[in-house]
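J.: Please work out how this folds:
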Amino acid sequence: MSTARFLFQKFAKLLSAKGLYVAKSLNYKTATAPLPINLDYVRHATLGLCFQEIMTKQVPGNVAELGVYRGDFAKRLNLLFSDRKLYLFDTFTGFDNQDVAKEKASGFSAGDQNFADTSVEMVLRKMPFAHQCIVKQGFFPATAAGVDDTFCFVSLDADLYDPILEGLRFFYPRLSAGGYIFVHDFNNDQYKGAHQAVLEFCRAEGIGFTPLPDSGGTAVLSK
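T.: Predicted coordinates:
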């Protein structure tokens, strides 16, 4: 065993004891846009691979995110899909009381995390191609009224049962063949409503999904 490999294994073992892990990079691929530091590697690397599949297969459609918060994942979407419209669905004031009430009544989560420290202006300032962004501020799915479009990629990161289920019902029929939907927090025990929403939708529609071992427990649906 080489000295470098030995040291890598020792370092990896030390990190794993602290609940941290080292992942090999996709050094066999040519990255369209190299990953910045301090990101959830699995989620972002999977996004990169899905992006390459979409571009290689020339999958038509625009891009959307439901649950934008401060726009960090949306920024990555905007950078990769720079030639496509990016719909940004969010209240930009935190969880809606209607959704929180359902969470608590169903025992999915407390719904008490504060996501109000954001704004449309803050998010748009982060976007490298802000002219491609279409902001849909307010309660979903009401904000989707009049949206007549198809999509190649959708990120659902609304955390709670109702918006995740409504997001799947709205976007999956509009997803182009070869497209993907990422549902964040699918395996996050703090937001069990997201898990339930994916299970219910996929069972009703007879479709499958792939869970990722990323920090939020993302589920990937494809068509």
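
J.: for the protein, what spans make up the strands?
T.: For the chain, the strands defined by DSSP state E occupy 62-66, 86-90, 133-137, 151-156, 175-183, 210-211, 219-222.

J.: Now mean pLDDT too, for those strands, in JSON lines please.
T.: Formatted as JSON lines, the strands of the chain follow (pLDDT from 0 to 100):
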{"stretch": "strand 62-66", "mean pLDDT": "99"}
{"stretch": "strand 86-90", "mean pLDDT": "98"}
{"stretch": "strand 133-137", "mean pLDDT": "98"}
{"stretch": "strand 151-156", "mean pLDDT": "99"}
{"stretch": "strand 175-183", "mean pLDDT": "98"}
{"stretch": "strand 210-211", "mean pLDDT": "98"}
{"stretch": "strand 219-222", "mean pLDDT": "98"}
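
J.: Select, out of the ones you listed, the one closest to residue 17.
T.: strand 210-211 (24.8 Å; C-beta to C-beta). Heads up, the C-betas are built off the backbone N, CA and C, glycines and all.

J.: Neighbours of the closest residue to residue 136 other than its chain neighbours, how many?
T.: Leaving aside its chain neighbours, residue 136 sits nearest to residue 143 (4.2 Å; criterion: C-beta to C-beta, 6 or more residues apart in numbering). The tally of other residues near residue 143 (other C-beta atoms under 10 Å) stands at 18.

J.: quick one: residue 143 and residue 88 touch, right?
T.: No - counting by C-beta atoms under 8 Å, residue 88 is not a contact partner of residue 143; they are 10.0 Å apart.

J.: which residues do those two both contact?
T.: residue 136 (C-beta atoms under 8 Å, 6 or more residues apart in numbering).

J.: What segments of this structure are helices?
T.: Under the criterion DSSP state H, the chain carries helices at the ranges 3-17, 41-56, 72-80, 97-106, 120-126, 161-171, 192-205.

J.: Just say which of the ones you listed is most tucked in.
T.: helix 161-171 (a mean of 23; mean count of other C-beta atoms under 10 Å).

J.: what helices or strands is that one leaning on?
T.: Helix 161-171 sits against strand 62-66, helix 97-106, strand 151-156, strand 175-183, helix 192-205, with contacts defined as 3 or more C-beta pairs under 8 Å, 6 or more residues apart in numbering; DSSP states H and E.

J.: In TSV: these, plus distance to residue 83.
T.: Shown next, in TSV, are the helices and strands packed on helix 161-171 (distance: least, C-beta to C-beta, whole Å):
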stretch	distance to residue 83
strand 62-66	10
helix 97-106	33
strand 151-156	11
strand 175-183	15
helix 192-205	30
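
J.: which stretch among the ones you listed comes nearest residue 28?
T.: Per C-beta to C-beta, nearest to residue 28 of the helices and strands packed on helix 161-171: strand 175-183, 21.3 Å.

J.: Quickly run through the sheet partners of the closest one, with directions.
T.: According to DSSP bridges, strand 175-183 has the following sheet partners: strand 151-156 (parallel), strand 219-222 (antiparallel).

J.: most packed of these?
T.: Buried most deeply of the strands paired with strand 175-183, by mean count of other C-beta under 10 Å, is strand 151-156, with a mean of 27.
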